[in-house]
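Chemist: dropping a prediction and its sequence here:
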Amino acid sequence: MAIGTVFLVGAGPGDPDLLTLRAARLIGQAAVIVHDGLVEPAVLALARPDALLVDVAKRRAHHTLPQDQISALLVRHALVGQDVVRLKGGDPFIFGRGGEEAEACRAAGVPVQVVPGISSALGAAAAAQIPLTHRDHASIVSFVAGQCKGLAEQDWAGLAGAGRTLVIFMGVKTAPHIADKLMADGLAPDTAVAVIENGARPTMRVLRGLLAGLPDLVEQQGVVSPALIVIGAVTRADDAALVTTALGAAA
């Protein structure tokens, strides 16, 4: 029996129009689609009618399947001859655990291909009209995860400040720790920040404020995931129409 192929496919930030042509084609052809919780229903609607859709959403403190079982699921379907699309929000190799799944497939002798997607950082920032780099404000951009083991011990020194933009994934629940950590590392309390909730989706909100007020901004506005935190001068908006909410005066 021929072995199927596992395709690690980036679904982009949410809008199905932002899928790559190859991603859209593979979604429409796959016998099995294993998807996470950040994939929009409009993207899943591109699947063929008889496709098996498996939701393996990871949510805070609750995983439908542990990561090793997700990898085993991909391998199991491929070994019986089915092509599998592992569909992930954003890009599969940016905080998507795609690297772990690719390793598991290769270890089992299953062919694996990676189809990159628009990272949620790039797609959400573009939808919010926040340039992550700008000749006047930032020539360096860094991506970090705000929800991970050992957050307090991580060294973020130099990732934010003059001439730099810091993009934080999965930072809603840890916003108070993030603000304290960055200010303890010397970042000014009045550093500009933006929170992009549901980036590139119809329900997108762009909330602007200052670093010292980041925890209050998240709490008072009821921010929920998926959301990105962007820190740096690029988040300031000259056009008042772009400022959805401005909170968080420096303490």
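Modeler: Perfect, thanks for sending it.
Chemist: could you pull out the helices for the stretch 1-150 of the chain?
Modeler: 21-29, 41-44, 67-79, 98-107, 120-127 (DSSP state H, counting those that start in this stretch).
Chemist: out of those helices, deepest packed?
Modeler: helix 120-127 (a mean of 23; mean count of other Cβ atoms under 10 Å). C-betas here are computed from N, CA, C, even on glycine.
Chemist: can you give me how far that helix is from the chain middle?
Modeler: Taking Cα atoms, centre = their mean, to the nearest Å, one finds the center of helix 120-127 at 9 Å from the center of the full chain.
Chemist: show me what that helix is packed against.
Modeler: Judged by 3 or more Cβ pairs under 8 Å, 6 or more residues apart in numbering; DSSP states H and E, helix 120-127 is in contact with strand 163-169, strand 192-197, strand 227-231.
Chemist: just put the helices of the stretch 1-150 of the chain in a markdown table and tack on mean pLDDT.
Modeler: Shown next, in a markdown table, are these (pLDDT from 0 to 100):
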| stretch | mean pLDDT |
| --- | --- |
| helix 21-29 | 98 |
| helix 41-44 | 95 |
| helix 67-79 | 96 |
| helix 98-107 | 98 |
| helix 120-127 | 95 |
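Chemist: so can I have JSON lines of those helices showing distance to residue 230?
Modeler: Compiled in JSON lines, the helices of the stretch 1-150 of the chain are given as follows (distance: least, Cβ to Cβ, whole Å):
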{"stretch": "helix 21-29", "distance to residue 230": "25"}
{"stretch": "helix 41-44", "distance to residue 230": "24"}
{"stretch": "helix 67-79", "distance to residue 230": "28"}
{"stretch": "helix 98-107", "distance to residue 230": "23"}
{"stretch": "helix 120-127", "distance to residue 230": "7"}
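Chemist: nearest to residue 234, out of the ones you listed?
Modeler: helix 120-127 (8.5 Å; Cβ to Cβ).
Chemist: can I get the helices and strands packed on helix 120-127 in JSON lines including mean neighbour count and mean pLDDT?
Modeler: As requested, the helices and strands packed on helix 120-127 are exported to JSON lines (neighbours: other Cβ atoms under 10 Å; pLDDT from 0 to 100):
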{"stretch": "strand 163-169", "mean neighbour count": "23", "mean pLDDT": "97"}
{"stretch": "strand 192-197", "mean neighbour count": "26", "mean pLDDT": "98"}
{"stretch": "strand 227-231", "mean neighbour count": "26", "mean pLDDT": "97"}
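Chemist: please enumerate the strands of the stretch 1-150 of the chain.
Modeler: Taking DSSP state E, counting those that start in this stretch as the criterion, the stretch 1-150 of the chain carries its strands at 6-10, 32-35, 52-55, 58-59, 62-63, 84-88, 112-115, 138-145.
Chemist: any chance of those in TSV, with mean neighbour count, mean pLDDT and distance to residue 169 too?
Modeler: As requested, the strands of the stretch 1-150 of the chain are exported to TSV (neighbours: other Cβ atoms under 10 Å; pLDDT from 0 to 100; distance: least, Cβ to Cβ, whole Å):
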stretch	mean neighbour count	mean pLDDT	distance to residue 169
strand 6-10	27	98	14
strand 32-35	23	98	18
strand 52-55	14	97	21
strand 58-59	12	66	13
strand 62-63	10	51	17
strand 84-88	28	98	13
strand 112-115	19	98	19
strand 138-145	17	96	5
